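please work out how this folds:
(one chain, ligands or ions: 1)
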Amino acid sequence: MKVRKLTVDDLNDIMTLQTLVYEDLQNKMILETIDEPEFTEMIEQGFIIGVFEEEDLKAIRAMYIPPIDDPEHLAEDGGIKDREEVIYSEISFIHPDCRGQGLQTKLGRQLVERVQADGRFKHILTTVLPTNIPSLKDKFRLGFKIVNTRIMYGGKYRHVMQLNLNEPLEAAGEKKTVDYKNIEWMLDHGKDYIGFDFDGENIDYYLK
Ligand SMILES: CC(C)(COP(=O)(O)OP(=O)(O)OC[C@H]1O[C@@H](n2cnc3c(N)ncnc32)[C@H](O)[C@@H]1OP(=O)(O)O)[C@@H](O)C(=O)NCCC(=O)NCCS
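Model prediction:
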């Protein structure tokens, strides 16, 4: 398997793989698909990498520099004032035949290194469907913390997760261990706590 940066020449393969992954999903809520113009923009921004087996694209992962005036910008969730310091961890998908090797996180580590080397950004933000266990594990393993849980994208539950590249997020207040499926608690209290760890069942929250 070979990992490399993706270019416009890979666009058709990216769209084909995304369709294959989406159609294979039992729960379509898991993946917010991305259209061709958006992938083109991410390719131009340069934070999109893919895994190839021979010449076949098997997995992709991308970060995205959001427009500063995006009405759904995630900076507020993390109390970040300067939106220019923010990049999003946007999308990953892996061919069903290539799962089970932690590829999402391996690609994530490479992209975080690229973002760090770029030097323009201090925070990586992302949203995660609370029941998407592999994605939740992936984000915690990369060092992301849950800074808020809310309803977005016209009615879907999402954690907002944040990775600070310079100073790690800290919260030393009262600890609360919450079942990862207890969305009600998270919607009510998530703003006041930071979710620090996930053991596959429970998330450890600390008061900000
Ligand atoms: C999410 C995705 C990229 C992860 O693929 P992957 O890197 O191969 O993940 P793995 O299969 O190695 O699993 C990672 C961990 O999640 C766990 N996991 C995977 N599927 C699971 C499930 N359905 N339920 C519970 N745990 C699960 C694995 O056991 C593993 O845990 P471990 O490392 O503690 O043993 C892949 O499943 C995918 O393409 N899904 C569809 C698209 C998607 O959801 N993208 C993310 C949102 S943009």
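
what does the longest helix seen in the chain contact?
Across the chain, the longest stretch assigned as helix under DSSP state H is helix 103-118. For helix 103-118, contacts defined as CB atoms under 8 Å, 6 or more residues apart in numbering pick out 3, 47, 49, 51, 59-63, 87, 89, 92, 94, 121, 124, 134-135, 137-138, 141-142, 163, 165. For the C-beta atoms, the positions are set from N, CA and C on the backbone; glycine is no exception.

out of those, which are inside strands?
Secondary structure defined by DSSP state E assigns 3, 49, 51, 59-63, 87, 89, 92, 94, 124, 163 of the contacts of helix 103-118 to strands.

what's the PyMOL line that selects buried ones from the residues you listed?
The following PyMOL line selects those of the ones in strands among the contacts of helix 103-118 that are buried, judged by 16 or more other CB atoms under 10 Å:
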select buried, resi 49+51+59+60+61+62+63+87+89+92+94+124+163
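
export the ones in strands among the contacts of helix 103-118 to JSON lines and tack on pLDDT?
Listed next are the ones in strands among the contacts of helix 103-118 as JSON lines, based on pLDDT from 0 to 100:
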{"residue": "V3", "pLDDT": "97"}
{"residue": "I49", "pLDDT": "98"}
{"residue": "V51", "pLDDT": "98"}
{"residue": "A59", "pLDDT": "98"}
{"residue": "I60", "pLDDT": "98"}
{"residue": "R61", "pLDDT": "98"}
{"residue": "A62", "pLDDT": "98"}
{"residue": "M63", "pLDDT": "98"}
{"residue": "I87", "pLDDT": "98"}
{"residue": "S89", "pLDDT": "98"}
{"residue": "S92", "pLDDT": "97"}
{"residue": "I94", "pLDDT": "98"}
{"residue": "I124", "pLDDT": "98"}
{"residue": "L163", "pLDDT": "98"}
